[in-house]
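1. Fold the following and give me the result.
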Amino acid sequence: MHGHDSPKSAITSIILAVTVCLSWSVGAFADDLKVRMYDADRYREHGELLFVVDARNDGVPIENLARGTWSLEAAGQPVDMKVKASTFRSAGMPTSVLVILPATPNFSGDEEIADDATRQRPIRFVLEAVSSLKTSLGQSDLVTIHCYDETRPEPVALASNRKVSRLRVPTTEEVDAKCRSDSADSAGGQPRLQTLLLGSIQKWLAKRPSSGREVKRFVVVVFTDGVSKEAIQDKWFRPIQRGFSDPTGGWIELYVIGLEDGGDPANLQALARAGVLASAPVRQDIPDQMTRLAPLISGAGLYSLDYQIEDSVEGQSVTFTIGVDGGGSHASGNYTIADLERKTKWLAIVLYVVGALVGVILLFLVIRLIASAVAARRQRLEEEAEAMASQHYEGPSRGRLIVRDGPATGETFHLLEDLTYIGRSPENEISLPDPSVGKRHASIRIKDRSYTIEDLQSVNGVFVNGQRVLKANLKNGDSIRMGGTEMQFSL
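-> Have a look, this model is predicted:
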C-alpha cells in the first residue's frame, strides 16, 4: 500500500481534501425544499394532504423548521389550510438503510500508519464508520449490511433488516471469514462493481419489511474505492430509481464514501451521480466522512407536513409550491399531483340536507311538546277551578276559613257541618292542595256556637296564632297554620 510521509503525498492529500469539499455539491437541490413524497389517500374524503420534504442548503440539512411558519400554494395561489409539521423521525416514520462493505484488497490488506507503531487493517476504518452511523440512526430504523470481494458473483448478507437497537456491527474477523472467498487472496483481479452493487440493492429491496409501520424511506450507503473490472455507467442507479416512480410509495437515496487512495476517481464520480459523494483521501479519513454524512443519512432536514386543506383544490394536474419561514425563507420548486379530487362535496350536501331535515323534525317535536304541555296545564287549571267552584258555599254560612298563604291562597272554605275534616285528601270536607298537609290533618267541631279545632295526629302539627296545639277553641280572626298553608278563621 501507499505511504503518507512524503511531501508529494501531503500535496496530494490537500488537493483531494479540496475535492471532498467540492464533492458535496453533487446531488444538491436546486431549491432549499425538495418534495420526497406525498400521500393524498385521505384528501378525497377528509381534505388531508401529506408531504415529506427534504430541506437542504448547499447539501447541508436545514434543521429546526418544524416550528416554522409553513405555507402552501396551488397554481400560484395561497391555499387556505392548517398544517401539522414535525421532523421525519418524530413522526414515527422509520428509515431502512443498506450498508455495502468492501472486502477487496485495497480494504482487506494491511497498512502501516505513520503515527502508529502497529499495523492497522484498512477495513477497521470502514467498520468504525458503520459504528458511528449506528449511533446517529433512530432505534426503530432498520439496517442491512452486505459485503463483496473481487471474486464473488453476488454480495453476502451480514445482517438483514435489523432494528438499530438490536444491530451488532461485524468485526474485521467476521468480514474476513464471511466476505472473502477462499480463492480471493490468490486470484487477485477486480470486482464487477456495478453488477455487484445493483445485485445487492435489488436483493435488499426484495426483502422489504412487511410488518410494523410501512417504510417509505430507503437509503443506500456504499463504501468503495471505485475499482472495477467493468466501467461504471453514469446512469447505473436508474433501474433502482424506476422502482420508486410512484411518488406515494416512498423514495431512495444514495450516499457513496469513496476512498481516493488506490481508487478510481472517475468511477467514484459516476457511482455518486444520482446521490452524494464524500471522498476520503486516505483510509483514516473514512470515519470523518461518515461523520459529515451521518446527519443526512439519519434524516436530519426531513419534515413531515400534514396539511388540512380548507379550500376545494382539485384538478387533473395540480401544481403545488411549499414554503416555510423559520430563521429564513425557504421554498420548493413546483410539484405536480395528478387527479386530485375532493369527493366530499356531495357527501357534504347530503349531510347538510339531512341535518336540516333533522333540525326541522326536532323543532316540530319541540313545538308539539310545548303545545301539549300548555294544553295539559290549561286542562289541569280548569279542573282545579271546577273543583274549587264545587266547594264554594252559596248558602248560609256557620263560619269560614280564608286561605292567606299556601297553594290555595285566596280561597274561602265554608264550615257547613257540625264536624268538618281538613286535609290533603279530596275525601275531606276541606281539601287543601298542599303536600305538607296530612291526608286527614285536623278537624273543626261546632257545638253550641263553640268552634273547637283538633290535631288528628298530623306530622307537621296545627298552629293557632303561632302556638302548636292539640285541641283549641277558635274565636273570630284566629290564624290557623297547617304545613305550608295559613288560614284565618272568620264568623
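
2. could you point out where the stretch 301-450 of the chain is predicted with low confidence?
-> Scanning the stretch 301-450 of the chain with the threshold set as pLDDT under 70 gives 343-348, 385-397.

3. For it, which segments count as helices?
-> Taking DSSP state H, counting those that start in this stretch, the helices of the stretch 301-450 of the chain run over residues 344-391.

4. How much space separates the spatially most central residue of the chain from residue 299?
-> Centroid-nearest residue in the chain, with C-alpha atoms, centre = their mean: residue 91, separated by 7.8 Å. Remark: distance between residue 91 and residue 299 (C-beta to C-beta, to the nearest Å) = 10 Å. Glycine gets a C-beta too; all of them are placed from N, C-alpha and C.

5. strand partners of the helix or strand containing residue 72, parallel vs antiparallel please.
-> Residue 72 is part of strand 69-74 when elements are defined by DSSP states H and E. The strands that strand 69-74 pairs with in its sheet are strand 77-78 (antiparallel), strand 315-325 (antiparallel) (by DSSP bridges).

6. how about it: buried residues?
-> 70-74 (16 or more other C-beta atoms under 10 Å).

7. Can you give the distance of it from its chain's centre?
-> 20 Å (C-alpha atoms, centre = their mean, to the nearest Å).

8. Show me what the mean pLDDT comes to for that strand.
-> Across strand 69-74, the average pLDDT comes to 94.

9. switch to numbering from 279
-> Okay, using 279 as the starting number, the last item reads as strand 347-352.

10. hmm, who's touching it?
-> 356-357, 359, 361, 363, 583, 585, 589, 591, 596-604 (C-beta atoms under 8 Å, 6 or more residues apart in numbering).

11. Just say which of the strands paired with strand 347-352 is most tucked in.
-> strand 593-603 (a mean of 17; mean count of other C-beta atoms under 10 Å).

12. re the thing from before, can I get the strands paired with strand 347-352 in JSON lines with distance to residue 403?
-> Putting those into JSON lines (distance: least, C-beta to C-beta, whole Å) gives the following:
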{"stretch": "strand 355-356", "distance to residue 403": "51"}
{"stretch": "strand 593-603", "distance to residue 403": "38"}
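
13. Stretch 561-568: how far from the chain's middle?
-> 39 Å.

14. can you list contacts of stretch 722-733?
-> 676-677, 693, 695-698, 700, 719-721, 739-740, 742, 747-753, 758, 767.

15. closest to residue 400 out of the strands paired with strand 347-352?
-> Smallest distance to residue 400 across those (C-beta to C-beta): 43.0 Å, for strand 593-603.

16. just how off-centre is the closest one within its chain?
-> Distance of strand 593-603 from its chain centroid, counting by C-alpha atoms, centre = their mean, is 23 Å.

17. what's the burial count for residue 590?
-> 11 (other C-beta atoms under 10 Å).

18. If we ignore the residues flanking it in sequence, what's nearest it?
-> residue 620 (5.4 Å; C-beta to C-beta, 6 or more residues apart in numbering).

19. Quick check: that neighbour touching residue 322?
-> Yes. With contact defined as C-beta atoms under 8 Å, residue 620 reaches residue 322; the gap is 6.3 Å.
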